[in-house]
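Novice: just the structure for this:
(one chain, ligands or ions: 1)
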Amino acid sequence: MDDTSLKETKEALLKEKNRLADELLTIAEKNEKIADDFNSRFPNWGDDVDSNAAEVDTYSSRLGIERNLESMIKNINTVLEKIDKGTYGLCEKCGGPIQEARIKAFPAAIYCMKCSK
Ligand SMILES: [Zn+2]
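Specialist: A predicted model of the protein is given here:
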């Protein structure tokens, strides 16, 4: 991959990372001590039994969303590191090249088609 498309890929990934972080901030607080770590916010809708039950439900679904978005951010970080190290486009598992069509469709791919199964 040439330098221009590598730079464009990097910019697109950084943009995606910011978008994911913004999405996380709607349900969670940023952990100031650990980079790219978030803590789901516990909602407070009242002290009656129904409110408490709804709060717990919402909190547990927030935890699931948080985990999902955080792992997407982590994946982007891995890819950004690979770009800096010059190993972008190579599979993390077998070291072989990742198919170009796959990289184009999914720039955050870190495994080749064979290893991602
Ligand atoms: Zn592989």
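Novice: going forward, measure contacts and count neighbours with C-alpha atoms only.
Specialist: OK.
Novice: element containing Ile110?
Specialist: Ile110 is part of no helix or strand when elements are defined by DSSP states H and E.
Novice: any idea how far it is from the ion?
Specialist: The gap separating Ile110 from the ion is 9 Å, by CA to the ion, to the nearest Å.
Novice: quick one, what contacts the most centrally placed residue in the chain?
Specialist: Geometric centre of the chain, nearest residue: Met72, 1.8 Å, by CA atoms, centre = their mean. Counting by CA atoms under 8 Å, 6 or more residues apart in numbering, Met72 touches Leu20.
Novice: pull the number of nearby residues for Glu66.
Specialist: Counted with other CA atoms under 10 Å, the neighbours of Glu66 add up to 23.
Novice: whoops, I mixed them up, Met113
Specialist: 13.
Novice: same question for Phe42.
Specialist: Phe42 sits with 16 neighbouring residues when counted by other CA under 10 Å.
Novice: in the helix or strand hosting the residue nearest to the centre of the chain, what counts as buried?
Specialist: Using DSSP H and E, Met72 maps to helix 49-85. By 16 or more other CA atoms under 10 Å, the buried positions in helix 49-85 come out as 55, 59, 62-63, 65-67, 69-70, 72-73, 75-80, 82-83.
Novice: quick one on the thing from earlier: what separation do you get for the residue nearest to the centre of the chain and the ion?
Specialist: Noted for Met72: a distance of 19 Å to the ion, by CA to the ion.
Novice: check Asn44 too.
Specialist: Counting by CA to the ion - Asn44 and the ion are separated by 46 Å.
Novice: so that residue touches Glu55, yeah?
Specialist: Yes. In terms of CA atoms under 8 Å, Asn44 counts as a neighbour of Glu55; the distance is 6.6 Å.
Novice: now Phe42: closest residue in space that isn't a chain neighbour?
Specialist: Using CA to CA, 6 or more residues apart in numbering and skipping the chain neighbours, the partner closest in space to Phe42 is Tyr59 (5.6 Å).
Novice: quick check: phi and psi at the residue of the chain positioned farthest from its centre.
Specialist: For the chain, the residue at maximal distance from the C-alpha centroid (CA atoms, centre = their mean) is Asp48, at 36.0 Å. Main-chain torsions, Asp48, degrees, to the nearest 10: phi -80, psi 170.
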